[in-house]
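quick one, fold the following:
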Amino acid sequence: MPSLIFRKGLDLKHVVADALAEDYHSNLVDRIRQNGFRYESGRLIVHLAREFGFCYGVDRAVDYAYQARKKFADQRVYLTGEIIHNPHVNGRLRAAGIRFLSDPGESLDTLSPDDVVILPAFGVSVDDLQCLQARGCTLVDTTCGSVLNVWKNVTRYAREGFTAIIHGKVKHEETRATASQALKYPQGRYLVVLDRAEADAACDYIRHGGDRPAFLARFAPAASPGFDPDRDLVRVGLANQTTMLMSESLAIADMFRVAIRDRYGESALVDHYRHFDTICSATQERQDAVVELLGEHTLDLMLVLGGYNSSNTCNLARICAEHVPTFHVAEPACLVSADEIRHRPVPAAGTPLHAARETVERSWLHPKRTARAEIRVGLTAGASTPNSIIGQTVERLAAFLA
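Prediction:
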């Protein structure tokens with residue numbers, strides 16, 4: 001039986017609206033927004049970034065998941081994995097009875113045509129989609145439009161014989177799905193680079209060649225099967241995981257452009273290099289907003305809310321940490337007291353983002369301050385963080401400084 005694929009809403013938006021509002025809305029956040037993105041309570045002043053929290057793609061994905069659970073109430077409903085990188089949202093979906101194929105004890109092999117599978121906002125790989133379709137499951141596709149735009153360009157690169165250079169995290173669901181698009185054509189190839197250091201290694205090979213076995217060993221987990229740098233770095237097209245730091249993605253694209261120019265000459269760029277802007281607009285808006293916030297206000301510290309495995313949240317924290325003490329927290333409960341906070345330290349430049357683990361810090365809220373001093377806190381949230389979490393965090397802060 002062929003799969004039935006839903007790529008639009010399930011006509012139950014009005015039915016699930018109240019549940020979505022109850023789980024994710026915040027009247028307090030609405031009031032802060034109306035008050036010029038400023039909140040005051042006692043000694044506390046909070047400045048909220050003007051773009052924060054749920055983006056359109058995340059909002060749509062969560063909405064579709066709630067609709068799917070309601071529409072297929074008598075069937076098993078699965079997600080291939082986390083719908084977005086936010087523990088609160090994924091917890092609510094589990095509580096609603098949606099099962100995660102990534103959880104222990106679950107398996108794609110047990111699926112039948114009677115089951116419903118939700119594809120997350122990150123998308124799924126070509127192979128996984130084909131397996132689900134072969135099972136005949138009903139599929140609810142919530143893949144974000146920005147991700148689909150990247151896929152379109154990567155597929156074009158493969159069709160035209162260009163290797164896709166993907167700036168992203170090789171283990172991230174979105175990057176794995178994007179890389180799989182490059183293999184739709186026999187000549188398709190990909191190479192994933194995490195940062196400028198890895199890009200520099202690839203660019204150096206483009207310019208000068210080098211130790212092929214060492215290159216392959218370094219990029220073994222991040223290159224397409226049978227990757228040959230002598231063959232596959234001759235014609236390259238740039239793409240990126242949509243939630244990466246825009247300035248870094250653009251810098252890496254330019255590094256490859258210069259390397260190709262140095263090797264083949266300016267006139268040959270059109271034959272050897274491609275680049276389309278695949279930065280997610282919502283990701284960029286949140287990065288721009290936090291830069292604006294840091295420039296407008298003198299802050300004592302910055303709170304960045306979002307899952308520790310959320311790439312766009314990690315990059316917001318990176319931006320903030322360059323200017324002010326910054327705490328990346330996953331949930332309001334991480335603010336244990338006015339003296340103690342659980343947070344994920346922002347890695348130093350050149351250190352992989354996944355290297356840090358949650359830690360506890362003392363005296364975080366009132367360093368070097370008298371009992372009567374104002375505490376000025378900047379606040380932003382990743383694109384997978386609901387307003388309810390933001391509101392609860394502000395309330396905890398206010399209670400500490402009452």
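
where does Leu303 sit, in terms of helix or strand?
If you go by DSSP states H and E, Leu303 is part of strand 301-305.

was I right about Leu183 contacting Ala158?
Yes: under the criterion of CB atoms under 8 Å, Leu183 makes contact with Ala158 at 7.3 Å. No exception for glycine: its C-beta is placed from N, CA and C like everyone else's.

what about stretch 321-336, how long is it end to end?
One end of stretch 321-336 sits 21 Å from the other (CA to CA, to the nearest Å).

for the stretch 1-150 of the chain, just list every one of the helices.
Taking DSSP state H, counting those that start in this stretch as the test, the helices found in the stretch 1-150 of the chain are 13-24, 27-34, 56-71, 87-95, 126-135, 145-159.

who's the closest spatial neighbour of Arg274, skipping the chain neighbours?
Using CB to CB, 6 or more residues apart in numbering and skipping residues adjacent in sequence, the residue nearest Arg274 is Gly237, 3.5 Å away.

just to be sure, that neighbour is in a helix?
No: using DSSP: H, G, I helix; E, B strand; the rest coil, the assignment for Gly237 is strand, not a helix.

now do it against Asp195, distance only.
Note on Gly237: its distance to Asp195, by CB to CB, to the nearest Å, is 19 Å.

these two: who's more crowded?
Taking other CB atoms under 10 Å, Gly237 and Asp195 do not tie; Gly237 has more neighbours (25 against 19).

doesn't Tyr157 make contact with the more buried one?
Yes: contact criterion CB under 8 Å: Gly237 and Tyr157 qualify, at 3.7 Å.

find residues that contact each of those two.
Taking CB atoms under 8 Å, 6 or more residues apart in numbering as the criterion, Gly237 and Tyr157 both touch Thr163, Ala164, Arg274.

count of residues packed around the first one?
Counted with other CB under 10 Å, the burial measure for Thr163 works out to 25 neighbours.

before we move on, what about the second one?
Each residue near Ala164 was counted by other CB under 10 Å, and the total is 28.

ok so it is a strand residue?
Yes: according to three-state DSSP, Ala164 belongs to a strand.

related to what we said a few turns ago, distance to Gly391 and pLDDT added to the shared contacts of Gly237 and Tyr157, as TSV?
Converted to TSV, these look like this (distance: CB to CB, whole Å; pLDDT from 0 to 100):
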residue	distance to Gly391	pLDDT
Thr163	46	98
Ala164	40	98
Arg274	44	96
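
ok, those residues vs Arg69, which is closest?
Ala164 (35.4 Å; CB to CB).

pretty sure the closest one is touching Tyr190, no?
Yes: in this structure Ala164 lies within contact range of Tyr190 using CB under 8 Å: 4.4 Å.

quickly list what's touching both of these two.
Val154, Ala179, Ala182.

need the contact list for the first one.
When contacts are counted by CB under 8 Å, 6+ apart, Val154 touches Ala164, Ile166, Thr178, Ala179, Gln181, Ala182, Tyr190, Gly237, Ala239.

swap in the second one?
Applying CB under 8 Å, 6+ apart to Ala179 gives the contacts Ser125, Val154, Ala164, Ile166, Tyr190, Val192, Ser224.

equivalent analysis for the last one, please.
With contacts defined as CB under 8 Å, 6+ apart, Ala182 is in contact with Val154, Thr155, Tyr157, Ala158, Thr163, Ala164, Gly188, Arg189, Tyr190, Ser224.

is it true that the last one touches Val192?
Think Ser224. No: assessed by CB under 8 Å, Ser224 is found out of contact with Val192, at 9.4 Å.

show me which of the two is the more surrounded one.
Neighbours per residue, other CB under 10 Å: of Ser224 and Val192, the larger number sits with Val192, 25 against 19.

roughly how far does the more buried one sit from Ala220?
From Val192 to Ala220 the distance is 11 Å (CB to CB).

residues near Arg218, how many?
Residues within reach of Arg218, counting by other CB under 10 Å, total 14.

work out for me the element the nearest residue to it once chain neighbours are set aside sits within.
For Arg218, ignoring the flanking residues on the chain, the nearest one in space by CB to CB, 6+ apart is Ala201 at 6.7 Å. Using DSSP H and E, Ala201 maps to helix 196-208.

now for the next helix or strand after that helix, which elements pack on it?
On the C-terminal side of helix 196-208, the closest following helix or strand by DSSP H and E is helix 212-218. Contacts defined by 3 or more CB pairs under 8 Å, 6 or more residues apart in numbering; DSSP states H and E place helix 212-218 against helix 196-208, helix 229-232.

mind giving me TSV with those helices and columns for distance to Ala95 and mean neighbour count?
Formatted as TSV, these follow (distance: least, CB to CB, whole Å; neighbours: other CB atoms under 10 Å):
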stretch	distance to Ala95	mean neighbour count
helix 196-208	39	17
helix 229-232	46	16
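
out of those, flag the one nearest Ile252.
Closest to Ile252 of those is helix 196-208 (CB to CB; 4.4 Å).

ok, and what's touching the closest one?
Here helix 196-208 makes contact (CB under 8 Å, 6+ apart) with 165, 167, 191, 193, 210, 215, 218-219, 222, 229, 233, 236, 248, 251-252, 255-256, 258-260, 262-263, 350.

list the neighbouring strands of the strand holding Leu303 plus their orientation.
strand 326-329 (parallel), strand 375-381 (parallel) (DSSP bridges).

looking at the ones you listed, spot the one closest to Arg60.
strand 375-381 (17.7 Å).

flag every buried residue along stretch 213-222.
Phe215, Phe219, Ala222 (16 or more other CB atoms under 10 Å).

out of these, which one sits closest to Ala17?
Distances from Ala17 to the buried residues of stretch 213-222, taken by CB to CB, are shortest for Ala222, at 42.2 Å.

for that closest one, give me phi and psi.
Main-chain torsions, Ala222, degrees, to the nearest 10: phi -110, psi 10.

residues touching Arg357, list them.
With contacts defined as CB under 8 Å, 6+ apart, Arg357 is in contact with Arg344.

can you list the domains in this structure?
For the chain, automatic domain parsing gives the domain ranges 20-54+282-400, 57-144, 146-279.

which of those sits closest to Asp11?
Nearest of the domains of the chain to Asp11, taken as CB to CB: domain 57-144 at 7.9 Å.

all good on my end, thank you.
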